[in-house]
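[1] Dropping the sequence and predicted coords here.
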Amino acid sequence: MDESSSEELYDEANWVFYKDRVDWKDVKPVPQDDGPFPVVAIAYSEKFTDVYDYFRAVLQKHELSDRALELTRDAVDLNPANYTVWQYRREILKHLEKDLKLELRYVKEIIEDNPKNYQVWHHRRVIVEWLNDPSDEMNLTADILALDAKNYHAWQHRQWVISTFNLFENELKFVNQLLDEDIRNNSAWNHRYFVFNRTTGFTPEVIKQEIDFTLDKIKLITKNESSWNYLRGILLHYPEGLREPTVVKFCEDLYNSGNRSTYLIAFLVEQAEEEIENGSGDKDSSITHAVQLCNDLAEKYDIIRCRYWRFVAETLQKRKTSTSVQ
């Protein structure tokens, strides 16, 4: 049995119900009211019922005391997703002028046990705002992301912190480390885009740099949707879109080498569509090429989405037909 399990058993064995505590005799518990005919009556444990009956009582009285603060801790332990408990805890903390650094330590423990709980992260954000001190946040989010590199709440908190307190300086280094560990980490790719979008913007120099960076990553693993999507995002800021010369040559060379990555072929279809839309090159030839690529995707490389690719092929073919009629 590990140490944490032993501690939990010890706590349970020594638990005293609030109804049996001398210092709570002045409080009348308030039972949950589900109405006379509850559709689905939840079978709460005796401990849960006891804690929340007393929580409702102090909430009704709006008691802002040390014992009420301790009660919220027990309520959080039983249901860390309860918004009302966290909100009331914040009221008590502010009223009693508690040490908020201690509160951050407490919240860190809750986050480590409940890393995907929105209410816990929100509570931490409020406390950081009150303190106006983000000094612990980068390490905390890095630790949580080391356990789960795609934890949405950790990423959201980190992006709020670096935006609010202008802590962008080392973020690219952090992202590069994550991508070195897992090149398919779509959250890290998204964060990379976020960093440039909030700092330098997508200047011609940044676009060139990021095209080179992304193409190098695609060379490593061509069947990685995240890097192809990032490339699309970068090229949204390029005047000619997906038809940037370096990218066009890269994709053509990759395809001609025999690579048949689904993401490469889909990208080639989109490039052809842009070429058709912009009226550059031989329109009929571009349509014929794009239709063939769509048919290959539907029949060989992306069969699960065959209906989609056939629809795209039919749409393109109609454009060729309508052009011929004119």
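    Cool, the structure landed.
[2] Helices of the stretch 151-300 of the chain, start to end?
    152-164, 171-181, 186-198, 204-220, 225-235, 245-256, 262-278, 283-296 (DSSP state H, counting those that start in this stretch).
[3] okay, these in JSON lines with mean neighbour count and distance to A57 next?
    Just so you know, the C-beta spots here come from the backbone N, C-alpha and C atoms, and that holds for glycine as well. Formatted as JSON lines, the helices of the stretch 151-300 of the chain follow (neighbours: other C-beta atoms under 10 Å; distance: least, C-beta to C-beta, whole Å):
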{"stretch": "helix 152-164", "mean neighbour count": "18", "distance to A57": "31"}
{"stretch": "helix 171-181", "mean neighbour count": "15", "distance to A57": "46"}
{"stretch": "helix 186-198", "mean neighbour count": "19", "distance to A57": "43"}
{"stretch": "helix 204-220", "mean neighbour count": "15", "distance to A57": "58"}
{"stretch": "helix 225-235", "mean neighbour count": "20", "distance to A57": "51"}
{"stretch": "helix 245-256", "mean neighbour count": "14", "distance to A57": "65"}
{"stretch": "helix 262-278", "mean neighbour count": "20", "distance to A57": "58"}
{"stretch": "helix 283-296", "mean neighbour count": "18", "distance to A57": "66"}
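[4] what would the ones you listed look like in JSON lines with mean pLDDT?
    As requested, those are arranged in JSON lines below (pLDDT from 0 to 100):
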{"stretch": "helix 152-164", "mean pLDDT": "98"}
{"stretch": "helix 171-181", "mean pLDDT": "97"}
{"stretch": "helix 186-198", "mean pLDDT": "98"}
{"stretch": "helix 204-220", "mean pLDDT": "97"}
{"stretch": "helix 225-235", "mean pLDDT": "97"}
{"stretch": "helix 245-256", "mean pLDDT": "97"}
{"stretch": "helix 262-278", "mean pLDDT": "94"}
{"stretch": "helix 283-296", "mean pLDDT": "93"}
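[5] Now distance to E129 too, for those helices, in CSV please.
    Below are those laid out as CSV (distance: least, C-beta to C-beta, whole Å):
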stretch, distance to E129
helix 152-164, 8
helix 171-181, 21
helix 186-198, 19
helix 204-220, 31
helix 225-235, 30
helix 245-256, 42
helix 262-278, 41
helix 283-296, 51
